[in-house]
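# Okay, sequence plus prediction incoming.
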Amino acid sequence: MIIDDQHYDVIIIGTGAGGGTLARKLADTGKKILILERGDFMPLELQNRVNVDIFKKELYRAHENWYDNAGEAFSPQTNYAVGGNTKIYGAALIRMREKDFEEVEHQEGISPEWCLKYKDFEPYYTEAEQLYKVHGKVNGKVNGKADNNYDEPHHDKAHDGNGKNSNEPYHSKEYPYPAVDHDPQIQKVVNAIAQQGLHPETLPLTLTREKEDPTGDSEVFGIAPLLNSPNITIKTNAKAVCLLTNSYGNMVKAVEVEIDKRSFLFFGDIIVVACGAVNSAALLLRSANEKHPNGLANNSGQVGRNLMKNQMTAVVQPSPKPNSGNFLRSVCINDFYWGDEDYSYPMGHIQNTGGLLQDITFAESPPILSILAKAMPEVGLKRLALRSVGWWMHSEVLPDPNNRIEVKGDKLFFHYTANNLEPHDRLVHRWIEVLKSVDKAVGNSFFARSKGNVYPRGEVPIEVVANQCGTCRFGEDSTTSVLDLNCRTHDVENLYVVDSSFFPSSSAVTPALTIIANALRVGEHLKERLQ
């Protein structure tokens, strides 16, 4: 084993939404910071998916196996690279609703209350949106004042996607950049959705405003600005395999790292784990020792438990006219977030996929398009994608201690069974009914020669681990949570977890913005500690 001769003030493991953002927040302290990234810098041609065949799934799969409930191996769609999974996400940065931080009753159980509330996160949501150059338009209140610049749904007007009946929470500032325009074909659909009495909203996106790599991520806004900083050391292709504590077990002294098949030890005063909910839990479990026989910082027995990920279903809306296949996501619908007229439980969030030739999560579910392909064998998969509009439905799952990450020897087990299924199914069926009405309104004659409207749907398979969260929940009670309110472990004084692991509940929106905001919040605490 090679012992590094440097001693660092902070070691950050991971460069995704949590780790990359935290590194940027701490850089100006002048403290000596080591950033460890398991992967390398991602080639630009894979980042900008305009010219990539996304149906070659191996391009965006990890070259390793995880194991499901039945012990069957699968290769997860997760990204080991500088920027982590923000390099392959849809670039939508959405705030959780105010009520998401409260206890919420669902059909199958309770979504637990957070020990911090929306008001505690709001300043950091705003800071995150500024840092990540989010393009959007607030649909609710800005700085205490209602935003009255709405377009009422009207048959003769182009609807800009800013629904008046929004449940978007209060913002202390507008987004730093205006919302992106809808693709012309999507604009027609947005108008038709508004005519159904619904309230389409512009989807907030992080964008670089650079043609070569248009979507923002934690490499661009977190790591890249630090590459020439004298106090920052970045090591890529460096896999953290174990955290080593002192003899009392109350402080991490060093991180064992594998680089080019050789073992290194790096020493630091503060250790931050930011590997994503699955791999952060796995690292803690693999770091078991005499003082922590069940895994590091796991006196509560909660490390790895309460694994959550949004229920996600894709629905295809066939179109008679082709599109480019490469336009950005731009619209979301939250009318059914808290339920429907005849259903009082939360249902979820809807957004368009953007062009289907650049949505790699959609590409994991080719049966969606293959249903159409069987009906039209003369049309290839790519051509079908160019004649389709895709929609994602997201619903909240509830924390379940049996949904968990477990480590046995060298194997990582991903024990996961989806729950809260009926509200998600209701959301999908409700949206398909909307699409039928929309197609009539826009004159979609695609099915004129068929036996009726068909809207293929597909649930994401287990390989898609997007929106993972909840394996090291934070809280004030050390017997039921892993982390305190500052995301420091209850059991180990200098160990923090700063990624989606801290979530007590998942909500129905994607977690990226909340991860970023929380990293900025924890970064403020760490700055005080480092003084």
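Arrived safely.
# Quick one: find the helix or strand in the protein with the lowest mean pLDDT.
Among the helices and strands of the chain, helix 367-375 carries the lowest confidence by mean pLDDT, DSSP states H and E, at a mean of 49.
# Distance of the nearest residue to residue 136 once chain neighbours are set aside relative to residue 168?
Spatial nearest neighbour of residue 136, excluding adjacent residues (C-beta to C-beta, 6 or more residues apart in numbering): residue 204 at 3.3 Å. Placement of C-beta: from N, CA and C, glycine included. Note on residue 204: its distance to residue 168, by C-beta to C-beta, to the nearest Å, is 9 Å.
# about what we covered before: show me the residues around the residue nearest to residue 136 that make contact.
92-94, 129, 134-136, 175, 179, 513 (C-beta atoms under 8 Å, 6 or more residues apart in numbering).
# Just flag the most distant two among those residues.
Put simply, by C-beta to C-beta the two of the contacts of residue 204 set farthest apart are 179 and 513, 15.4 Å from each other.
# Now do the buried residues in stretch 393-402.
393-400 (16 or more other C-beta atoms under 10 Å).
# Narrow these to those in strands?
Using DSSP state E, 393-395 are the members of the buried residues of stretch 393-402 that sit in strands.
# Quick one: list the elements packing against the helix or strand hosting residue 272.
Residue 272 belongs to strand 262-273 when assigned by DSSP states H and E. Contact analysis of strand 262-273 by 3 or more C-beta pairs under 8 Å, 6 or more residues apart in numbering; DSSP states H and E lists strand 2-13, strand 33-36, strand 238-245, strand 252-259, helix 277-286, strand 495-497, helix 512-530 as its packing neighbours.
# one more time with 6 Å
The contact analysis (3 or more C-beta pairs under 6 Å, 6 or more residues apart in numbering; DSSP states H and E) places strand 262-273 against strand 2-13, strand 252-259, strand 495-497.
# thinking in terms of the whole chain, how far from its middle is the second one?
I take that to be strand 252-259. 27 Å (C-alpha atoms, centre = their mean, to the nearest Å).
# Give the rounded mean pLDDT of that strand.
Mean pLDDT, strand 252-259: 98.
# Enumerate the positions of that strand that are buried.
Quick answer for strand 252-259 (16+ other C-beta under 10 Å): 252, 254-257.
# Can you tell me the strand partners of it and which way each runs?
strand 238-245 (antiparallel), strand 262-273 (antiparallel) (DSSP bridges).
# To residue 108, which of those strands lies closest?
Residue 108 sits nearest to strand 262-273 of all these, at 31.0 Å, using C-beta to C-beta.
# Check the offset of the closest one from the chain's centre.
With C-alpha atoms, centre = their mean, you get 27 Å for strand 262-273.
# about what we covered before: would you mark the buried spots in the strand holding residue 272?
264, 266-273.
# same question, stretch 320-336
For stretch 320-336, by 16+ other C-beta under 10 Å, it's 323, 325-336.
# Include distance to residue 440 when you put the helices and strands packed on strand 262-273 into CSV, please.
Below are these laid out as CSV (distance: least, C-beta to C-beta, whole Å):
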stretch, distance to residue 440
strand 2-13, 53
strand 252-259, 58
strand 495-497, 50
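# Where do the strands of the stretch 351-500 of the chain begin and end?
Using DSSP state E, counting those that start in this stretch, the strands of the stretch 351-500 of the chain run over residues 388-395, 404-408, 411-415, 457-459, 495-497.
# Reformat the strands paired with strand 252-259 as JSON lines; add distance to residue 230.
What follows is the strands paired with strand 252-259, written out as JSON lines (distance: least, C-beta to C-beta, whole Å):
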{"stretch": "strand 238-245", "distance to residue 230": "20"}
{"stretch": "strand 262-273", "distance to residue 230": "17"}
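# what's the closest of those strands to residue 30?
By C-beta to C-beta (comparing all of the strands paired with strand 252-259), the closest turns out to be strand 262-273, at 14.4 Å.
# Contacts for that closest one, please.
By C-beta atoms under 6 Å, 6 or more residues apart in numbering, the surrounding residues in contact with strand 262-273 are 1-4, 7-13, 34, 252, 254-257, 280, 283, 494-498.
# just the buried members of these?
4, 8-13, 34, 252, 254-257, 280, 283, 494-498.
# residue ranges with poor pLDDT in the stretch 401-531 of the chain?
444-453 (pLDDT under 70).
# Kindly recompute the last result at 90.
439-461, 464 (pLDDT under 90).
# So which residues of it form helices?
Counting by DSSP state H, counting those that start in this stretch, residue ranges of the helices within the stretch 401-531 of the chain are 421-442, 512-530.
# Output these as JSON lines; include the columns mean neighbour count and distance to residue 349.
Shown next, in JSON lines, are the helices of the stretch 401-531 of the chain (neighbours: other C-beta atoms under 10 Å; distance: least, C-beta to C-beta, whole Å):
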{"stretch": "helix 421-442", "mean neighbour count": "18", "distance to residue 349": "9"}
{"stretch": "helix 512-530", "mean neighbour count": "22", "distance to residue 349": "13"}
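# and the ones you listed as a markdown table, adding distance to residue 488?
Listed next are these as a markdown table, based on distance: least, C-beta to C-beta, whole Å:
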| stretch | distance to residue 488 |
| --- | --- |
| helix 421-442 | 35 |
| helix 512-530 | 8 |
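# and of those helices, who's closest to residue 42?
helix 512-530 (17.0 Å).
# relative to strand 2-13, how tilted is that closest one?
Angle, helix 512-530 to strand 2-13, by axes from the mean of the first three to the mean of the last three C-alpha atoms, to 10 degrees: 120 degrees.
# starting at the chain centroid, how far to helix 512-530?
Counting by C-alpha atoms, centre = their mean, helix 512-530 comes out at 17 Å from the chain centroid.
# Would you mind getting the angle between that helix and helix 277-286?
40 degrees.
# for helix 512-530, packing partners?
Going by 3+ C-beta pairs under 6 Å, 6+ apart, helix 512-530 lies up against helix 19-26, helix 118-131.
# if you skip the residues just before and after it, what's nearest to residue 177?
residue 135 (4.2 Å).
# isn't the one you found right next to residue 206, touching?
No - checked against C-beta atoms under 6 Å, the pair residue 135 and residue 206 is beyond contact range at 7.7 Å.
# More neighbours: these two, which one.
residue 206 (28 against 24; other C-beta atoms under 10 Å).
# show me where pLDDT drops low in this protein?
For the chain, the stretches with pLDDT under 90 are 43-61, 88-90, 139-168, 183-186, 209-214, 314, 316-328, 353-390, 439-461, 464.
# what's the distance between the closest residue to residue 321 other than its chain neighbours and residue 320?
Using C-beta to C-beta, 6+ apart and skipping residues adjacent in sequence, the residue nearest residue 321 is residue 185, 6.6 Å away. The spacing between residue 185 and residue 320, counted by C-beta to C-beta, is 10 Å.
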